[in-house]
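# Structure for the following, please:
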Amino acid sequence: LRAFQIPLRVGRMFDVSEVQRADRVAVINEAAAKLWPAGENPIGSRLRLGVLERPPARTFIDTSRPPEVTIVGIVGNTRNAGLRAEPAPAVMIPYTVVATLGRTLAIRAAGDPNLLLNPVRGEVRAMDAEQPLGRPITLSEIMGQEVVQPQFTMALFSAFAALGLALAAAGIYSVLSFHVTRRTHELGVRMALGAPRRHILGLMLTMGGRLVLIGLVIGVAASIASTRLLRSQLFGVEAGDPLAYAAVVTLLALVTLVACYVPARRAASVDPMIALRQE
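The predicted model follows:
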């Protein structure tokens, strides 16, 4: 726990003599402490563990002793169920209580942890020359394995989002260009009757903005409805994050303005005489 800097909240940690005697003591995390009734202190409680009563395969446990542990402390929560899940209740007991075929040695390094591999291997071989050693792994590698799938999902969603944005811009431009062509005669009549060019420009931009506003309302509503799916793919960010929605709306508004401005400017710059001849 010291190696991973997991803080002690209440109570105490194991002492050396308890570890050496394989005493049935335990510390729990804050998630497990919440399972006790409100106002009840878990410290000093006796907890029955199924693993001590029915040892798993290839595991050695002294079953002559009661399968109960005494809780002596509460430690802080960790992301023990994955980065995207809430901390799961956990009970930690001395490593001498349960004899497994393999153990993990956690070492905290001030610099590059790979520089400590040979010295650590040397210390283990000095204690037991026939002890097989597994592949070392750093915490950064473990974290990388946790985020590789979300990173791929994010890249995939980003690619589809960029494609959708390009298609939206092209679609808006095409629709407005089509409307400008269809309404060329009308625009010529308006300008011949004295309508200023800024009025024609504003008319086209308003028409495009109305279409995009309808699309934004439908899109935001669909996004909010799909927050359950998004929540399973995100961590550290709420699926209904208002900042994300504001950023998307702002980006789409800018793309819409550019896509609408080109055909709207072309409509405003049309020659009234040519427009009046347009059928």
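
# do you know how far Ile137 is from Val220?
Distance of Ile137 to Val220, given as CB to CB, to the nearest Å: 43 Å. All C-beta atoms are positioned from the backbone trio N, CA, C, and that covers glycine.

# Which is the succeeding secondary structure element to the longest strand along the chain?
Identified as the longest strand of the chain according to DSSP state E is strand 68-75. If you walk from strand 68-75 toward the C-terminus, the next helix or strand you reach (DSSP states H and E) is strand 91-92.

# what sits up against that following strand?
1, 26-29, 32, 47, 49, 69, 75 (CB atoms under 8 Å, 6 or more residues apart in numbering).

# now with 6 Å?
26-28 (CB atoms under 6 Å, 6 or more residues apart in numbering).

# picking up where we left off before, mind listing the strands the longest strand of the chain pairs with, and their directions?
With DSSP bridges as the test, strand 68-75 is paired with strand 8-11 (antiparallel), strand 25-29 (parallel), strand 46-48 (antiparallel).

# Tally up the residues packed near Val189, please.
By other CB atoms under 10 Å, the residues close to Val189 number 14.

# I should have written Asn77 there, sorry.
By other CB under 10 Å, the residues close to Asn77 number 19.

# Next up, the contacts around it.
29-31, 87.

# Can you tell me, leaving aside adjacent residues, what's nearest to it?
Pro87 (3.8 Å; CB to CB, 6 or more residues apart in numbering).

# isn't the one you found right up against Ala33?
No: using CB atoms under 6 Å as the test, Pro87 is too far from Ala33 to be in contact (11.2 Å).

# higher neighbour count, the two?
Each of Pro87 and Ala33 has its neighbours counted (other CB under 10 Å); Ala33 has more, 19 against 16.

# which residues touch that one?
With CB under 6 Å, 6+ apart, Ala33 has these contacts: 42, 74.

# change it to 10 Å
Listed by CB atoms under 10 Å, 6 or more residues apart in numbering, the contact partners of Ala33 are 9-10, 40-43, 71, 74-75, 77, 89.

# Quick one: buried ones out of these?
10, 42, 71, 74-75, 77 (16 or more other CB atoms under 10 Å).

# So of these, which two are at opposite extremes in space?
Greatest spatial distance in the buried ones among the contacts of Ala33: Ile71 and Asn77, 15.9 Å, computed using CB to CB.

# Provide a complete list of residue ranges assigned to helices in the stretch 51-200 of the chain.
117-127, 139-182, 184-192, 197-225 (DSSP state H, counting those that start in this stretch).

# rank these by pLDDT, which is bottom?
With a mean of 71, helix 184-192 has the lowest mean pLDDT of those.

# His199 and Arg190: what is the separation?
For His199, the distance to Arg190 - CB to CB - is 7 Å.

# who has more neighbours, the two?
Per other CB under 10 Å, whichever of His199 and Arg190 has more neighbours is Arg190, with 17 against 12.

# Quick check: chain neighbours aside, which residue is closest to that one?
Nearest to Arg190 is Ile200, by CB to CB, 6+ apart, at 6.5 Å.

# Could you double-check that the one you found sits in contact with Gly194?
No: contact criterion CB atoms under 10 Å: Ile200 and Gly194 do not qualify, at 11.6 Å.

# which one of those two has more residues nearby?
Shown here are Ile200 and Gly194; by other CB under 10 Å, Ile200 has more neighbours (23 against 7).

# Tell me how many other residues surround Val175.
16.

# wait, what's in contact with it?
207-208, 211, 259-260, 263.
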